[in-house]
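Undergrad: Provided below are the primary sequence and the corresponding predicted coordinates.
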Amino acid sequence: MNETELVALCLKGHEGGFTGLYNKYARTIYNSICRIVSHTAEAEDILQESFYHAFKDIHRLQQASSFGAWVKRIALNRSITHLRKQRISFSDADLVGIADEAHYDEDADRLADRKVEEVRQAIDQLPTGYKTILSLYVFEEMRHEEIASLLGISHSTVRTQYHRAKKKVIQSLEKNMLL
């Protein structure tokens, strides 16, 4: 079933619609949440809350074909709210290219996995504000203006923190001699 049909089932109260939409989007949205909050238990709670609120208010959805984007926005907003409750500051906290191989090379694959892990660790070591902005920009492909609106900060703060975050990741990778 496509997204529009699943939403129609939800509007009629059929459990299959809810299950179908959850199965279709839960993993992607969970990964998005994990890029913002660090703990898996918190991410799981936010995921459940996001789908609960989306299903509760599904009658407000204007286009049935946009459910995925809508529930993702709910999840991102709930993730940011969670960080705010923890008093994470987004203001002025001052705190890879891998070539495509024509043939499978196990050693190159292990090296690539190590590089990916090093990049992930470098991002995880960023202060939460930097990590959130970098994740929203790089992984969620949000524009600086959207991030500023979502976080309630200025566009220039987003730009500054994004560039600082990127610089810190590069410095970390250079320190580990990956760049």
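TA: Here it is on my side, so go on. Numbers count the residues shown, from 1 in each chain.
Undergrad: what about the helices in this protein?
TA: Counting by DSSP state H, the chain has helices at residues 3-11, 15-34, 40-56, 67-85, 106-124, 128-138, 144-151, 155-175.
Undergrad: Now tell me which of the ones you listed the model trusts least on average.
TA: For the helices of the chain, mean pLDDT drops lowest on helix 106-124, to a mean of 73.
Undergrad: how about the helices of the chain in TSV, adding mean neighbour count?
TA: Heads up, the C-betas are built off the backbone N, CA and C, glycines and all. Formatted as TSV, the helices of the chain follow (neighbours: other C-beta atoms under 10 Å):
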stretch	mean neighbour count
helix 3-11	17
helix 15-34	17
helix 40-56	17
helix 67-85	18
helix 106-124	13
helix 128-138	22
helix 144-151	18
helix 155-175	16
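Undergrad: Quick check: nearest residue in space to F139, chain neighbours excluded?
TA: Distance criterion C-beta to C-beta, 6 or more residues apart in numbering; nearest residue to F139, sequence neighbours excluded, is R35 at 5.3 Å.
Undergrad: Now do the same for that neighbour: its pLDDT.
TA: pLDDT recorded at R35 is 84.
Undergrad: could you check the distance from it over to L83?
TA: Between R35 and L83 the computed distance is 12 Å (C-beta to C-beta, to the nearest Å).
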